Structures are given as structure tokens and as C-alpha cells.
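**Student:** would you be able to build a 3D model of this:
(one chain, ligands or ions: 1)
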Amino acid sequence: MKVGVLDLQGDVIEHVRALEAAGAEVVRVKRPRHLEGLRGLVIPGGESTTIGKLMAEYELIPAVRQAVSEGMAVFGTCAGAILLAADIAGSDQPRLGLMDMRVQRNAYGRQRESFEAEVQVSEIPGPPVKAVFIRAPIIERVGSSVKVLAEYGGQIVMARQGRLLAGTFHPELTADRRVHQYFLQLCAEDAEGRGPGAGADRLR
Ligand code: GLN
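**Tutor:** Have a look, this model is predicted:
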């Protein structure tokens with residue numbers, strides 16, 4: 001399966017390696033033409049204002065929205081989650097705005113610039129995922145079409161709206177590949193959430 005990593009700024013290479021380790025063919029997306037034929041796109045952590053500005057400059061905002069309307073899945077981590085949110089508290093920075101949720105940037109304050117925690121993700125079986133938070137946002141509220149997948153300290157840290165996935169932490173910085181595998185499963189499903197083999201069943 002072919003998926004992309006948005007390659008404008010941030011921890012791109014870590015996501016490329018994580019997705020390859022999880023079995024995907026990975027393309028680095030710098031321009032709209034690189035979205036061709038992708039089942040999914042990861043928007044990495046970094047600086048959301050910088051990534052958003054470059055996305056706008058290269059006309060990637062309409063291009064990604066179009067690809068999503070044609071079925072591409074997106075996984076935004078940290079800055080990427082901010083770019084997926086329709087509402088960013090106190091900011092009018094450029095964004096995709098595809099998920100019905102409100103985020104607050106840099107929400108853990110200076111004392112907790114970065115920390116690690118164990119997070120149980122409801123749709124990922126097995127033990128909790130080790131989550132690395134770096135100047136992380138919090139997801140303050142989600143709309144009714146958004147499913148909360150994980151919380152930490154009373155805050156939402158992972159949520160999904162169909163095949164749009166947002167996480168406020170960095171799964172690419174640990175050796176556990178379950179979050180990337182989970183995203184690849186979402187990429188393989190059709191819009192109704194059926195697996196790649198489901199169509200054949202319906203024909204029987
Ligand atoms: N603080 C960054 C922002 O607001 C996000 C940090 C990260 O992606 N690790 O864009």
C-alpha cells in the first residue's frame with residue numbers, strides 16, 4: 001500500500017521509517033502531484049504555523065482536501081493534528097480544518113514542555129502505547145462525528161473522524177509500530193469502514 005508523508009518541515013524521516021517498518025510503500029509529499037495514488041497521508045509533528053504556511057504556498061491545502069474527498073486517509077500527529085482541526089484556539093493560521101474539533105496549542109505549559117506517558121488507545125488492542133508529548137496541543141472538544149480514541153490526564157489525545165486520525169503525541173519516536181499499523185488499516189478500508197476484502201463478501 002502506498003502512503004505519503006508530508007515533507008515540508010518537522011519529523012518526516014521518523015514517520016517514513018515507521019510506515020516502512022509497518023509494511024507500507026512511502027512517498028514524500030512536497031507538492032500536490034505527489035498525492036497521486038496515495039491511500040493515506042501522514043502530517044508529522046513540527047511547527048504547525050510553518051507547515052500550514054508552506055502548505056498554503058504550494059497549494060497543498062486544496063489538493064489534500066480534494067484527495068480526502070476522493071478517499072485518502074490522513075493521520076496528523078501533534079502539529080499535524082493542529083492542522084486537521086477546524087478550530088484552533090486564538091489562531092487564524094492556515095490549516096486543512098477537516099476535523100470537527102477545537103485544539104489548544106502548547107497546552108501543557110512550560111514545566112511540561114515534553115513528557116512521556118502510557119496511553120490506552122481504544123481501537124488498538126494490547127497494552128497501552130508509550131506516548132511522547134512535545135509542546136503538545138490538547139484537543140479541547142470534538143463534534144458528534146468525531147470518536148475519542150484515547151485520553152490522558154482528562155484530556156483527549158487521540159480522535160478519529162472516519163478515516164481522519166489525529167493524535168497529540170509522537171508515535172514515530174518509539175519502537176512500537178502499532179499506531180502506524182492501525183493507521184494503515186484505516187487506509188485499507190473503504191469509506192464505510194469495511195476492510196479491503198469486504199467487497200468480495202457482498203458479491204457472494
Ligand atoms: N507546538 C507545535 C505547534 O503548535 C507542535 C509541536 C509538535 O508538533 N511537536 O505547532
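**Student:** run a quick neighbour tally on E70.
**Tutor:** By other Cβ atoms under 10 Å, the residues close to E70 number 8. Every residue, glycine included, has its C-beta placed from N, CA and C.
**Student:** tell me the confidence at it?
**Tutor:** pLDDT, E70: 96.
**Student:** the one 10 residues further on now?
**Tutor:** Among the per-residue scores, G80 shows a pLDDT of 98.
**Student:** so which residues make contact with the helix or strand harbouring it?
**Tutor:** Per DSSP states H and E, G80 falls inside helix 79-84. Contacts with helix 79-84, where a contact means Cβ atoms under 8 Å, 6 or more residues apart in numbering, come from 6, 10, 42-48, 51-52, 55, 74, 76, 88, 95-99, 101, 103, 105, 137, 139, 164, 166-168.
**Student:** which residues does the residue nearest to L54 when sequence neighbours are not counted contact?
**Tutor:** Using Cβ to Cβ, 6 or more residues apart in numbering and skipping residues adjacent in sequence, the residue nearest L54 is L8, 4.3 Å away. Counting by Cβ under 8 Å, 6+ apart, L8 touches 30, 50-51, 54-55, 58, 60.
**Student:** so which residues of this structure form helices?
**Tutor:** 12-21, 48-57, 60-69, 79-84, 178-188, 198-203 (DSSP state H).
**Student:** which residues of this protein lie near the ligand?
**Tutor:** Within the chain, the residues that sit near the ligand (Cβ under 6 Å from any ligand atom) are 45-48, 78-79, 82, 105-106, 134-135.
**Student:** sorry, back to before: sitting in strands, which of the contacts of helix 79-84 do you find?
**Tutor:** Residues from the contacts of helix 79-84 lying in strands, with DSSP state E as the criterion: 6, 42-43, 74, 76, 88, 99, 101, 103, 139, 164, 166-167.
**Student:** and which of the residues you listed is nearest to L149?
**Tutor:** L149 has its nearest neighbour among these in G167, at 8.3 Å by Cβ to Cβ.
**Student:** just to revisit the earlier point, weed out the non-buried ones from the contacts of L8.
**Tutor:** Among those, those classed as buried by 16 or more other Cβ atoms under 10 Å are 51, 55, 60.
**Student:** I'd guessed the first one sits against V12; true?
**Tutor:** Right, the one you point to is I51. No. Contact between I51 and V12 fails when scored by Cβ atoms under 8 Å: they sit 10.4 Å apart.
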